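Participant: here's my sequence, what's the structure:
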Amino acid sequence: LTEVHSRGLEQRLEWELPRGRWSVRLKGGYDYIRSTNEVALEQPRLAAGELLAYTPEHQGFARLEWAWRQLRLSYQHRWVGQVRTLNKNWLSGYGLGYGEGRYALDWQKWRLEGFARVDNLWNADYRILERRPMPGRNFQIGINLFFKHLK
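Facilitator: Residues are numbered from 1 along each chain as shown. Modelled structure (predicted):
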């Protein structure tokens with residue numbers, strides 16, 4: 001077991017422009033997190049004060065969402081800074097884009113919501129662990145059924 005000291009700053013901003021039946025929303029955020037090992041370890045070899053492996057110091061995102069009646073379209077881009085590995089190497093930072101569309105139908109106490117989503121929209125080549133490539137562009141499509149409890 002070891003002792004870890006984690007500290008940082010998280011900032012979120014949100015702005016919305018409502019215009020009757022449609023609206024535009026912009027969200028953004030930045031995280032600075034410094035997590036260090038406080039006790040020297042032999043296995044895996046970590047010096048006191050060294051950054052934890054696979055823990056990025058810098059992360060951020062920006063999201064743009066447009067809504068009209070029951071339709072929502074959004075794009076989000078996420079940035080992750082470089083990370084140190086257990087082998088004292090560094091993995092490069094990366095940016096990923098996500099696109100999504102949702103449409104909802106309400107009926108009495110029920111809500112039916114269909115969605116389509118594209119992850120890694122720009123087909124970025126990235127890794128979060130050494131020698132473990134992450135998936136390229138991939139898609140999700142689905143339907144959610146919600147029961148709304150009314151008081």
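Participant: show me what contacts residue 65?
Facilitator: 24, 25, 26, 27, 72, 73, 74 (CB atoms under 8 Å, 6 or more residues apart in numbering). Quick note: C-beta positions are derived from backbone N, CA and C, even for glycine.
Participant: tell me the secondary structure at the most centrally placed residue in the chain.
Facilitator: In the chain, the residue lying closest to the centroid (CA atoms, centre = their mean) is residue 78, at 6.0 Å. Three-state assignment for residue 78 (DSSP: H, G, I helix; E, B strand; the rest coil): strand.
Participant: wait, it touches residue 56, no?
Facilitator: No - contact between residue 78 and residue 56 fails when scored by CB atoms under 8 Å: they sit 11.1 Å apart.
Participant: one step back: so what's the residue nearest to the centre of the chain bridging to?
Facilitator: Note on residue 78: beta-bridge partners by DSSP bridges are residue 61, residue 96.
Participant: and if you look at residue 107?
Facilitator: Under the criterion used (DSSP bridges), residue 107 bridges to residue 110.
Participant: understood, closing this out.
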